[in-house]
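*Asks:* Sequence and predicted structure below; questions after.
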Amino acid sequence: MIYLRSSAATPETMHILLRTTEGETGYEVPVLKMHDYSIDEIFAKHLLFLIPFYLFNFEKQFPELEANPEKLAVLRAEYVRIQDRLEQLVQDGGLSVLTKKSIMENAAHVLALLAKNYTVIRKEMKPVMVGRVLDYEAKRIHNAALKVGETNTLSNQIRKKVARNKSFETIVDECESTPEIIRPLYDRILAEKQNSEEKNS
């Protein structure tokens, strides 16, 4: 159970009652209060699903943030750091691109609803949440597409040269590449060629 807004009266646990055809079962569940979590704790405990709701921690400050560019800039900078920390997780393999994109898109949705009456906040914060995501995504997709295209082109070149029984060293030289790049492609294509010849023999 997550309370996005809470007060001193908000309980620490809640009693859940399940009714089934066989009777009733009750148990206590802990209550998570959004204001109890700093962004450092969210990352430390890998509670990344809370990031879209982190803005609730600043809701009471919205009137002041709307009127004070310097204080709003501090909040904006914090979300830039959140973006950078998520991106680092992606680079380290601890988070998928899709999950990162989903987190920040949901954060943008929360911003649109929570700050619907605060034009300046929406204007300053939305590019941080959405613009950078789209920029990272576009670059990553573009680079991935280039890599796939280059690999396919190189594989086709190697396949033709293997069919002509050219040596590994000759293929590396003619492709103007390095042994480290050619080797895995060469080994795969050579194995495919040998398997095909065995099936046809």
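*Replies:* Now that the structure is in, tell me what you want to look at.
*Asks:* mind listing the strands for this structure?
*Replies:* With DSSP state E, the ranges of strands along the chain come out as 2-3, 13-20, 23-30, 32-33.
*Asks:* Tally up the residues packed near N68, please.
*Replies:* Neighbour count of N68, defined by other Cβ atoms under 10 Å: 13. For glycine as for every other residue, the C-beta is placed from the backbone atoms N, C-alpha and C.
*Asks:* how far away is the most centrally placed residue in the chain from L86?
*Replies:* Using Cα atoms, centre = their mean, the residue of the chain that lies closest to the mean C-alpha position is K100, 2.0 Å off. Distance of K100 to L86, computed by Cβ to Cβ, to the nearest Å: 5 Å.
*Asks:* Check the gap between E78 and I42 for me.
*Replies:* In this structure, E78 and I42 are separated by 12 Å, where distance is defined by Cβ to Cβ.
*Asks:* which one of these two has more residues nearby?
*Replies:* More crowded of E78 and I42, by other Cβ under 10 Å: I42, with 19 against 14.
*Asks:* Could you check the pLDDT of the nearest residue to F62 once chain neighbours are set aside?
*Replies:* In space, and not counting its chain neighbours, F62 is closest to Y118: 5.3 Å by Cβ to Cβ, 6 or more residues apart in numbering. Reading off the confidence values, Y118 has pLDDT 95.
*Asks:* Contact partners for S155?
*Replies:* Remark: with contacts taken as Cβ atoms under 8 Å, 6 or more residues apart in numbering, S155 is in contact with L185, I189.
*Asks:* residues touching Q61, list them.
*Replies:* With contacts defined as Cβ under 8 Å, 6+ apart, the neighbours of Q61 are K71.
*Asks:* Deepest in the core, which of the strands of the chain is it.
*Replies:* Between these, the one whose residues have the most neighbours on average, counting mean count of other Cβ atoms under 10 Å, is strand 32-33 (a mean of 15).
*Asks:* quick one: average pLDDT of it?
*Replies:* Rounded to a whole number, the mean pLDDT of strand 32-33 is 87.
*Asks:* helices and strands around it, which ones?
*Replies:* Other helices and strands packing on strand 32-33, by 3 or more Cβ pairs under 8 Å, 6 or more residues apart in numbering; DSSP states H and E, are strand 2-3.
*Asks:* domains of this structure?
*Replies:* By the record's domain assignment, the chain is partitioned as 1-36, 37-142, 145-200 (automatic domain parsing).
*Asks:* Show me which residues of stretch 181-197 are buried.
*Replies:* I182, L185, Y186, I189 (16 or more other Cβ atoms under 10 Å).
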